[in-house]
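Engineer: Fold the following, please.
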Amino acid sequence: MMVGAKAIRVGGAAGCLALLVLAAGGARAQTEWPRVVSSGDDVPISYEVCGSGEPTLVFVHGWSCDSRYWRAQVPHFAQNHRVITLDLAGHGHSGAARERCTMASFGQDVRAVVEASGSRSVILIGHSMGGSVIAEAARLMPDLVVGLIGVDTLEDVEYRMSREELDGMLAPLKADFRAGSRGFVAGMFSPDTDPGLREWILADMSSAPPAVALSAMEEMMMQYVTGEAAAVFDAIRIPVMTVNGELWPVNVEANRRHMVSYDAVILKGADHFLMMDRSEEFNRALELRIMMIMLTGEE
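Structural biologist: As a prediction, this is how the structure comes out:
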């Protein structure tokens, strides 16, 4: 369930600039050079800022991914919003000195970036593991974050996993990370997914640093062993929405027991990587969720 992958590699600011130029109305968006800010434990976090306009949209990648994953979203949303993408510690261009990759420490990465950006109003958007990360980040920034949007994640925050199940999930990754991660991710595609994109994701994810990936996976899934996956939302009093594929059922009732408000939209036939393989449809759905959160904030 709910893990991520990396985006197609587009180099730094040049990639961001190229995407903005290609986008409709791209002249209205603004691109800045990549930046680095220290997280709470002094790990350097790399991030990029494109466009302008509040609320700021902060895109957070998933397991074994980085900011390149959002290449189909940055130019689209930067036409009307400031868009921030970042690499969590141990991913992409960020530092890798952190020993335990907890969801709370990743939340600190997001907070460091948001505070450094000077944004006054923020919607956090997280894919896969990023759903857990943005929940932690929102808990740290109650005065800045106005809404959360998960992307194929948070299907059931009450789901409980046993320690034995978690050990079984981790075993193939520990035995041979490259082969194990390819096998793990292979079941997250739709039969209709572009074959080239599918192979790129498999190759890219399986090349992630094993120590980082194993720590992040264990810490993420331990939240479903301990119940923290649901408890974190009890402390967040902002709307939560998700845009999901069809691979896993969404337990709306369970989520609503822990969220001040929750709604989900399912893209028919979409898989775990819907922001890449179904980018236009996904962008429309995400746009609507953003608008709904903005309207809620005006009430």
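Engineer: And the helices in the stretch 51-200 of the chain, which stretches?
Structural biologist: Per DSSP state H, counting those that start in this stretch, the stretch 51-200 of the chain carries helices over the ranges 74-77, 103-117, 129-140, 163-175, 177-186, 195-205.
Engineer: Most tightly packed of these?
Structural biologist: Neighbour counts (mean count of other C-beta atoms under 10 Å) averaged over each of those peak at helix 129-140, with a mean of 27. The C-beta positions use only the backbone N, C-alpha and C, and glycine is treated the same way.
Engineer: and for that one, what are the contacting residues?
Structural biologist: With contact meaning C-beta atoms under 8 Å, 6 or more residues apart in numbering, helix 129-140 is reached by 2-4, 58, 60-63, 88, 103-104, 106-111, 114, 124-126, 145, 148, 150-151, 153-154, 216, 220, 223, 229, 232-233, 235-236, 238, 242.
Engineer: May I have it as PDB, with CA atoms only?
Structural biologist: Coordinates of the C-alpha atoms in helix 129-140 are reproduced here as PDB (Å, rounded to 0.1, in the frame of the first residue of the first chain):
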ATOM      1  CA  MET A 129       4.500   8.400   1.900                       C
ATOM      2  CA  GLY A 130       4.200  12.100   1.400                       C
ATOM      3  CA  GLY A 131       0.700  11.900   2.800                       C
ATOM      4  CA  SER A 132       2.100  10.900   6.200                       C
ATOM      5  CA  VAL A 133       4.800  13.600   5.900                       C
ATOM      6  CA  ILE A 134       2.400  16.500   5.200                       C
ATOM      7  CA  ALA A 135       0.300  15.400   8.200                       C
ATOM      8  CA  GLU A 136       3.400  15.800  10.400                       C
ATOM      9  CA  ALA A 137       4.300  19.100   8.800                       C
ATOM     10  CA  ALA A 138       0.800  20.500   9.300                       C
ATOM     11  CA  ARG A 139       0.900  19.600  13.000                       C
ATOM     12  CA  LEU A 140       4.100  21.700  13.200                       C
END
